[in-house]
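In: fold the following.
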Amino acid sequence: MFDKYVEKLEHVYRVKDTRIALDSLIYQFRAGRSPEAIQDAFPTLSLSQVYGALAFYLENQAELDAYLSQQEASEEIFSAELARLFPKGAALKSRIKQLTPEPAQ
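Out: Purely as a prediction, here's the structure:
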């Protein structure tokens, strides 16, 4: 898959020539945020980069949704292993998550 706005490096989709994972934009888009609001959250991106990345997602949605599912499953396994190895850290992470407000939409 070649795209002007997205690249895949080391098994991770990123906005081309940045360190911003495409996942971050997709999750915000799925939460109903507009491209302009997403660009506000990532001020190093231009609005055209956000629109281009979202267009890439929509054109390749089935493949990218499968990729995100795989990433989420890997994260769950990794988090469970960390919680097993560092139970105090897992408890702290849980408390922080409870106290952190959800991002405004």
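
In: mind showing which ranges of this protein have poor pLDDT?
Out: 1-2, 78, 82, 102-105 (pLDDT under 70).

In: one more time with 90, if that's ok
Out: 1-3, 9-11, 69-105 (pLDDT under 90).

In: need the residue in it that's farthest from the chain's center.
Out: residue 88 (26.4 Å; C-alpha atoms, centre = their mean).

In: what sits closest to residue 46 if chain neighbours are left out?
Out: residue 39 (7.4 Å; C-beta to C-beta, 6 or more residues apart in numbering). Where C-beta positions appear, they are placed from N, C-alpha and C, glycine not excepted.

In: residues contacting the one you found?
Out: By C-beta atoms under 8 Å, 6 or more residues apart in numbering, the residues touching residue 39 are 45, 46, 47, 50.

In: gap between it and residue 72?
Out: 25 Å (C-beta to C-beta, to the nearest Å).

In: go on, residue 25?
Out: Distance from residue 25 to residue 72, by C-beta to C-beta: 16 Å.

In: got the buried residues for the longest helix along the chain?
Out: Counting residues, the longest helix found in the chain (DSSP state H) is helix 61-85. Using 16 or more other C-beta atoms under 10 Å as the test for burial, helix 61-85 gives 64, 67, 68.

In: make a markdown table out of these and add distance to residue 83.
Out: Below are these laid out as a markdown table (distance: C-beta to C-beta, whole Å):
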| residue | distance to residue 83 |
| --- | --- |
| 64 | 28 |
| 67 | 25 |
| 68 | 22 |
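
In: of those, closest to residue 32?
Out: residue 68 (16.7 Å; C-beta to C-beta).

In: contacts only, for that closest one.
Out: Residues counted as contacts of residue 68 (C-beta under 8 Å, 6+ apart) are 23, 26.

In: ranges for the helices of the chain?
Out: 22-30, 35-41, 47-59, 61-85, 87-99.

In: list the buried residues of the shortest one.
Out: It stands for helix 35-41. Those would be 35, 37, 38, 39, for helix 35-41 by 16+ other C-beta under 10 Å.

In: contacts only, for the third one.
Out: This means residue 38. For residue 38, the contact set (C-beta under 8 Å, 6+ apart) comprises 25, 28, 29, 50, 54.
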